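Engineer: can't give you the sequence, but here's the structure:
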């Protein structure tokens, strides 16, 4: 049970107006919270109507929500937050069964693309540090399972490691994927990272990150779960002489995943040719596609984004890599 | 909870780069209660306590589709020559024109911006929310403190790897922030004035003899502050490799009741087959 630390409330007087649109004063808000300490922040907004009109007061409402004293502990409040308001019979039954059910560790699964190329090292980090490194609020010990796969979905490395409180795991994953023979190209694979807390606690800082070290710079991004099949868009400013852009796709399904990539989109007025690439990614496999536009297309697109559309037939995730032309500097983003 | 607004998103306007933003206008229509509304898209450029520029564009939706003209891209050219060392920021604020509470998902879609400059590769960033970020609310409720971190920061003098944290204060009160490394390195407390940005250079916490540092940094502040991690050239901090929001210190539990786990598993199984169940309240 974590006890909330009190936060001083500067210049807060009972008659101070918090939400001008609803005429809500500090004393009214305080009364609401004292009488209904189990209400979540959103429930208080719903009940009072505050913060829903001009929204300028939302930060203050949130600030006072956590700082005004209430009689019940934060843990009680957090436990009951989801039970706030009117509950249906079904909800009440679910909540009751949840209350008597044994706890099981939540399987926290993320997958990252692995890119392999000349002078590129890629790592996965799982850092389990306490709040502000003060030692008293840290995630518990976690089991972390790593499974690296090549583009065809074949497992090329599997390992279980443990990350203790106040420690960090670092696994170099680029070595599991054979680099392409041509130094100007990239090969792709994927790594699955599954975390399970060994005992009950909170996740803290353990969300995995991947870090790519290239010759001239680094980049990193946090892990993500999968996206459901369907259509997705991304748009960017693309100047081909200054950069190269790649999309990676990871197939989360055990069966083939058909990915369709189309660009440039929304260019009817420019009369540019729209291209369509269809790839069938094997089960648990990965694919990388370089976005290529001609110089004349880039000139026509000056001042507007290059819009890209893709779709997948099964669960997947997609990352966008933007590199300098010589692949010496990278950035990575999830879609 | 239906609202009359999408939570504003805050974009850094760093020196050395132009910004190009095309908000996903078609996606906003999907968040409307009945698919129809008159929205106003307001962009504010803010620097050192002043709103430098504000524009407002009407958006008309019917049946979930944007039927008014697609607005021109939002483009902001590098102002480092005028602005000096402190960056500015852009606030993207979309709300209903007459205050009607028609927006069902007030978090709204992600809107990536591209940062570009001649002779440099671009970097992309999805902007943090100005307020109402669910993990941050959970964190403040649980710990009573605002803490965000970057699990992997890296300084390497020989390889020219540098890293900085940009702090944006889009609120009315000044914010005091501190940065700490996992091994005792830290930076002095920094004041970020209202409606202003400041940059913390992580290499400033190292002594000149320390050639390399790899580790975890956390930032805390006396109030919410919008944070970006920038990986850049150490010699030229305006030459970026990468740009990313930070991660809140998570209060989410590691375990859950077995019955809830079963429900989630069934929900995922069905969702993979295109069947989406509504949560029960």
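Structural biologist: Cool, got the structure. The structure displayed is predicted, hence computed values, not measured ones.
Engineer: okay, residue A:227: pLDDT?
Structural biologist: Looking at residue A:227, its pLDDT is 84.
Engineer: check the one 10 residues further on too.
Structural biologist: In the predicted model, residue A:237 carries a pLDDT score of 88.
Engineer: around it, how many other residues sit close by?
Structural biologist: 26 (other Cβ atoms under 10 Å in any protein chain shown). Just so you know, the C-beta spots here come from the backbone N, C-alpha and C atoms, and that holds for glycine as well.
Engineer: who are the neighbours in contact with it?
Structural biologist: By Cβ atoms under 8 Å, 6 or more residues apart in numbering or on different chains, the residues touching residue A:237 are A:305-306, B:20, B:114, B:116, B:122.
Engineer: tell me which entries of the residues you listed lie within strands.
Structural biologist: A:306, B:20, B:114, B:116, B:122 (DSSP state E).
Engineer: identify the farthest-apart pair in the residues you listed.
Structural biologist: Farthest pair in the ones in strands among the contacts of residue A:237 (Cβ to Cβ) is A:306 and B:116. Separation: 11.7 Å.
Engineer: residues near the closest residue to residue A:220 other than its chain neighbours, how many?
Structural biologist: In space, residue A:220 comes closest to residue A:211 once its chain neighbours are excluded; the distance is 4.3 Å by Cβ to Cβ, 6 or more residues apart in numbering or on different chains. By other Cβ under 10 Å, the residues close to residue A:211 number 23.
Engineer: same question, residue A:186
Structural biologist: Residue A:186 - counted by other Cβ under 10 Å - has 23 other residues nearby.
Engineer: mind checking pLDDT for the residue nearest to it when sequence neighbours are not counted?
Structural biologist: Distances taken as Cβ to Cβ, 6+ apart put residue A:117 closest to residue A:186, at 4.5 Å, once the chain neighbours are dropped. Confidence at residue A:117, expressed as pLDDT, is 94.
Engineer: residue A:117: neighbour count?
Structural biologist: When neighbours are counted by other Cβ under 10 Å, residue A:117 registers 22.
Engineer: surely it meets residue A:327?
Structural biologist: Yes: with contact defined as Cβ atoms under 8 Å, residue A:117 reaches residue A:327; the gap is 5.9 Å.
Engineer: can I see the domain layout of chain B?
Structural biologist: Taking automatic domain parsing as the reference, chain B has its domains at B:9-118, B:134-248.
Engineer: quick check: end-to-end length of the shortest one?
Structural biologist: Meaning domain B:9-118. By Cα to Cα, to the nearest Å, the extent of domain B:9-118 from end to end equals 26 Å.
Engineer: quick check, that domain touching chain A?
Structural biologist: Yes: counting by Cβ under 8 Å from any Cβ of the partner chain, chain A is contacted by domain B:9-118 at B:20, B:22, B:24, B:73, B:75, B:95, B:99, B:101, B:112, B:114, B:116, B:118.
Engineer: among those, the buried ones, what's the ChimeraX command?
Structural biologist: The ChimeraX command for the buried members of the residues of domain B:9-118 next to chain A (criterion: 16 or more other Cβ atoms under 10 Å in any protein chain shown) is given here:
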select /B:20,22,24,73,95,101,112,114,116
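Engineer: okay if I get the residues of domain B:9-118 next to chain A as JSON lines plus secondary structure and pLDDT?
Structural biologist: Rendered in JSON lines, the data for those read as follows (DSSP: H, G, I helix; E, B strand; the rest coil; pLDDT from 0 to 100):
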{"residue": "B:20", "secondary structure": "strand", "pLDDT": "94"}
{"residue": "B:22", "secondary structure": "coil", "pLDDT": "91"}
{"residue": "B:24", "secondary structure": "coil", "pLDDT": "89"}
{"residue": "B:73", "secondary structure": "coil", "pLDDT": "91"}
{"residue": "B:75", "secondary structure": "strand", "pLDDT": "94"}
{"residue": "B:95", "secondary structure": "strand", "pLDDT": "88"}
{"residue": "B:99", "secondary structure": "coil", "pLDDT": "79"}
{"residue": "B:101", "secondary structure": "coil", "pLDDT": "83"}
{"residue": "B:112", "secondary structure": "strand", "pLDDT": "90"}
{"residue": "B:114", "secondary structure": "strand", "pLDDT": "93"}
{"residue": "B:116", "secondary structure": "strand", "pLDDT": "94"}
{"residue": "B:118", "secondary structure": "coil", "pLDDT": "92"}
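Engineer: quick one: low-confidence ranges for chain B?
Structural biologist: B:1, B:277-281 (pLDDT under 70).
Engineer: could you find the closest non-adjacent residue to the closest residue to chain B within the stretch 51-200 of chain A?
Structural biologist: The minimum distance from the stretch 51-200 of chain A to chain B, using Cβ to the nearest Cβ, falls at residue A:197 (2.9 Å). Using Cβ to Cβ, 6+ apart and skipping residues adjacent in sequence, the residue nearest residue A:197 is residue B:254, 2.9 Å away.
Engineer: mind listing what that neighbour touches?
Structural biologist: A:105-106, A:139-140, A:142, A:196-197, A:199-203.
Engineer: what distance separates the start and the end of stretch A:173-189?
Structural biologist: 10 Å.
Engineer: who's residue B:57 bridged to?
Structural biologist: Judged by DSSP bridges, the bridge partners of residue B:57 are residue B:41.
Engineer: I'd assumed the residue nearest to residue A:220 was in a strand, is it?
Structural biologist: Yes: the assignment for residue A:211 is a strand, going by DSSP: H, G, I helix; E, B strand; the rest coil.
Engineer: what separation do you get for it and residue A:124?
Structural biologist: Look at residue A:211 and residue A:124: by Cβ to Cβ, to the nearest Å, they are 8 Å apart.
Engineer: for residue A:135, same thing?
Structural biologist: 25 Å.
Engineer: how about residue B:93?
Structural biologist: 37 Å.
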